[in-house]
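A.B. asks: Please find the sequence and the predicted model below.
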Amino acid sequence: MLGWETTMAKLLLIEDDREMAGEIIAELADHGFEVDWAATGIEGLDKARSGNPDALIVDRLLPGMDGVTIVEALRQDQVRTPVLILSALGAVDDRVRGLRAGGDDYLTKPFDLVELIARIEALLRRPAASLEAKLKVGPLELDLIERTAKRGDRSIELLPREFRLLEYMMRRKDQTLTRAMLLEEVWKYKFVPQTNLVDVHMGRLRHKVDDQHEPPMIHSVRGVGFILRAPA
Amino acid sequence: MPLPDFVRTVTFRWTLAVAAIFVVYVLLLFGVIYWRTERYLTSRSDAVVTLQAQIFAAEPPERQLDAIDELLRQDPRKVQNAGLFTADGHRLTGNLERLPPDLRIDGPAQRSLVPVGQSRAEMQAVRAVARKLPDGKVLVIGRNVDEVVAITGIVGEALAAGLIPALCLSIAAGVLLSIRAQKRVDEVNRRAERIVAGDLRQRLPAHGGNDSFDKLAVIVNGMLDEIEALVHEIAGVGDDIAHDLRTPLTRVRIGLQRGRANSRTLEESHAVFDNAIRGLDQSLAIITAILRIAEIEHNRRLAGFSNVALAMLVREVGDLYEPIAEEKGVILRVQADNETTVRGDRDLLFEAVANIVDNAVKFTPKGGHVRITLIDGAGKSVVRVSDTGPGITEDEREIVTRRFYRSDRSRQTQGVGLGLSLVAAILKLHGFRLTIAAGPGCVIEVACPHVSAA
């Protein structure tokens, strides 16, 4: 329904608030995830080591143990499972910010459940660092060295910021990308602006990528964000 | 019997300690004076008796008896002792009854107890020398040291006369000061208890003097002023938050209630849900914004600060907002050529400048201009954002940086009303100055001091 292909990924949620956990698990199950739940840090750490989940969702504040400490403990054991930390806004410190540098991610409460799903999807499908010089999605081609773009034979003139945006989307084709993700990753913007910045920028890019008589490649996902797909 | 309160005060204890030290010091001083005086008088007596003995010994034997009588006659103060004795100790002349047994013949001047007076066998402490004369007789010359004893008496009296009143005085002063200090402490305690009980208007008593207690009271009162102001502000902010949250929440509630009663189809229900979610999102956005400001205001650590290239930052903000301005039909111009470096948190500064520009674009009507300029000044750079919007009136300039304030004219425009307070919080953290200047439209300037060469 939201546009991404559901995978039967196995997730582990470490969250002490039973009601919150229930909502998150239900939403994840709706999207085809299999979710295991641990209410404490110790239990979570055990399950993370033994259950071999594909990704972890960890609350920052857990009784007796800090969520980030769990991640650090796992990394010490060479467990590379991607992690999404849920943190209260006031508790975002350098340790939490550092997660993104390590390939993990964090979300601040209160968050949208669709944002959570999109982030998990993104974590599960982290693009491998590729050394390719060209990205291709359907007829769309991006030359990372020449900094040129074309759709079929039609070449597309892109401003640097539009190039960055398109590159990011092509690396994550068929994935729903939320506005917050785009702001953080493409613009390195660490806050939610008051204006619909992303929509305006996306509108311009879409205008250039999808010509009037071409089948559209950039799609809006209502209430969530955007997705780039090869035309059917 | 319980001790009175003042005895336990620090002032009183210090007074006692100082008094004790004072007593010891005075005793020591007097001791030294006494010791030195005694030694001086003794050595002088010793010199005199030694010299006299020498002179008498040099007299021819037939003159000696007369000379001794002469000496004693010419001694009105009766301090002189002299005696001539035969070799076996019989007195020949002088005012000594017999040869003092402890006096060493031909030794240096020494202290000796000598019997004086013909009638009574009275012993007297003297400095004396004994010399054996060539004809075998023994000559004793002595000098009374009653002077030293008298001086000791005088010193003792002076000591008593000086020390006892001084002691009484200092203890009295200590008691007085302690009682005074105790009174003030009691007063402060009473006021503090009232403040703790919630009466924030109470202040510590300051008597307008210049002593440390008054200074302390002034400082504490200053702190109390600040706390009172903050508490009022928080109370005000709380009211504002409650008000701003109530509006969307009320709408959500009414919407849900009506939807529950009136929805016939699934589509209608969905529309109701969507509306409710939008309203709740708006409430959450307000909460997020408040938390964000609190986060910035509390984050006083400067560890995250680094050198920030200001011109680049300004150009990037321009780059970000150019399409938005264009879509709105507003012309956005950026002029930032001179590369300057300031110290700060790049993300936060970006957020601040972006918020200012966001506001400018939002409030500028179609066809208007927004100009972002980086001006280099002496020791600082100024980021100026000017627009051709309605501007901010003079009365509103200070108030817009407060949480939640939104110009009444802007109520219709989308936004949470926290933009400028967020900017103010960020700039306060950096120590940068925010000025809202007059002009056609709105002119907002941020003064950023350059990184010092050091």
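C.D. replies: Structure received. As the structure is a prediction and not an experimental result, all values here were calculated from the model.
A.B. asks: what's the residue nearest to B:Glu339 when sequence neighbours are not counted sitting at in phi/psi?
C.D. replies: Closest residue in space to B:Glu339, ignoring its immediate chain neighbours: B:Ala311 at 4.9 Å, by CB to CB, 6 or more residues apart in numbering or on different chains. To be clear about C-beta, it is placed using only N, CA and C from the backbone, and glycine gets the same treatment. With angles defined as degrees, to the nearest 10, B:Ala311 sits at phi -60, psi -40.
A.B. asks: One more: B:Phe85?
C.D. replies: Residue torsions, per degrees, to the nearest 10, at B:Phe85 are phi -130, psi 150.
A.B. asks: Report the contact partners of it.
C.D. replies: B:Arg91, B:Leu92, B:Arg98, B:Leu99, B:Lys137, B:Val138, B:Leu139, B:Val140 (CB atoms under 8 Å, 6 or more residues apart in numbering or on different chains).
A.B. asks: Try it again at 6 Å.
C.D. replies: B:Arg91, B:Leu99, B:Val138 (CB atoms under 6 Å, 6 or more residues apart in numbering or on different chains).
A.B. asks: next one: A:Arg147
C.D. replies: Neighbours of A:Arg147 in contact, by CB under 6 Å, 6+ apart: none.
A.B. asks: I would like a PyMOL command selecting only the buried ones among the contacts of B:Phe85, please.
C.D. replies: Under the burial definition 16 or more other CB atoms under 10 Å in any protein chain shown, those of these that qualify are selected in PyMOL by:
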select buried, chain B and resi 99+138
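A.B. asks: Name the weakest-confidence residue in the contacts of B:Phe85, if you would.
C.D. replies: Lowest pLDDT within these is found at B:Leu99 (80).
A.B. asks: Correct me if wrong, but it is in a strand.
C.D. replies: No: secondary structure of B:Leu99, determined by DSSP: H, G, I helix; E, B strand; the rest coil: coil, with no strand assignment.
A.B. asks: I'd say it and B:Gly89 touch.
C.D. replies: Yes: with contact defined as CB atoms under 6 Å, B:Leu99 reaches B:Gly89; the gap is 4.8 Å.
A.B. asks: Show me the shaky parts of the stretch 301-450 of chain B.
C.D. replies: Scanning the stretch 301-450 of chain B for pLDDT under 70 picks out B:301-304, B:394-418.
A.B. asks: Quick one: the helices in it, in order.
C.D. replies: B:310-328, B:346-363, B:419-430 (DSSP state H, counting those that start in this stretch).
A.B. asks: what distance separates stretch B:78-98 from the centre of its chain?
C.D. replies: Relative to its chain's centre, stretch B:78-98 lies at 75 Å (CA atoms, centre = their mean, to the nearest Å).
A.B. asks: And stretch B:218-226, by the same measure?
C.D. replies: 16 Å.
A.B. asks: average pLDDT across it?
C.D. replies: Rounded mean pLDDT across stretch B:218-226 is 87.
A.B. asks: ok, the residue in the stretch 1-150 of chain B positioned nearest to chain A - how many residues close by?
C.D. replies: Residue nearest to chain A within the stretch 1-150 of chain B (CB to the nearest CB): B:Val10, separated by 42.5 Å. Neighbours of B:Val10 under the rule other CB atoms under 10 Å in any protein chain shown: 10.
A.B. asks: ok, it - contacts?
C.D. replies: Taking CB under 6 Å, 6+ apart as the definition, B:Val10 has no contacts.
A.B. asks: and B:Val149, what element?
C.D. replies: In the assignment (DSSP states H and E), B:Val149 maps to helix B:146-196.
A.B. asks: What's the first helix or strand after that helix?
C.D. replies: Next helix or strand after helix B:146-196 toward the C-terminus (DSSP H and E): helix B:212-262.
A.B. asks: Within range of chain A, give me the residues from chain B.
C.D. replies: Counting by CB under 6 Å from any CB of the partner chain, the residues of chain B close to chain A are B:Leu284, B:Leu291, B:Glu295, B:Pro323, B:Ile324, B:Glu327, B:Asp347, B:Glu351, B:Asp358, B:Gly415.
A.B. asks: want to try JSON lines for the residues you listed, with neighbour count and distance to A:Glu146 as columns?
C.D. replies: Shown next, in JSON lines, are the residues of chain B next to chain A (neighbours: other CB atoms under 10 Å in any protein chain shown; distance: CB to CB, whole Å):
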{"residue": "B:Leu284", "neighbour count": "16", "distance to A:Glu146": "44"}
{"residue": "B:Leu291", "neighbour count": "16", "distance to A:Glu146": "45"}
{"residue": "B:Glu295", "neighbour count": "17", "distance to A:Glu146": "43"}
{"residue": "B:Pro323", "neighbour count": "21", "distance to A:Glu146": "24"}
{"residue": "B:Ile324", "neighbour count": "21", "distance to A:Glu146": "29"}
{"residue": "B:Glu327", "neighbour count": "15", "distance to A:Glu146": "30"}
{"residue": "B:Asp347", "neighbour count": "16", "distance to A:Glu146": "32"}
{"residue": "B:Glu351", "neighbour count": "22", "distance to A:Glu146": "34"}
{"residue": "B:Asp358", "neighbour count": "23", "distance to A:Glu146": "35"}
{"residue": "B:Gly415", "neighbour count": "17", "distance to A:Glu146": "41"}
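A.B. asks: A:Leu197: which of the residues you listed is nearest?
C.D. replies: Top of the list for closeness to A:Leu197, among the residues of chain B next to chain A and by CB to CB, is B:Ile324 at 6.3 Å.
A.B. asks: unless I'm mixing things up, that closest one is touching A:Val200, no?
C.D. replies: Yes: applying CB under 6 Å, one finds B:Ile324 in contact with A:Val200, separated by 5.0 Å.
A.B. asks: Can you name the residues in contact with stretch A:88-105?
C.D. replies: Residues outside stretch A:88-105 that contact it (CB under 6 Å, 6+ apart): A:60, A:68, A:82-85, A:87, A:106, A:108-109, A:119, A:123, B:291, B:295.
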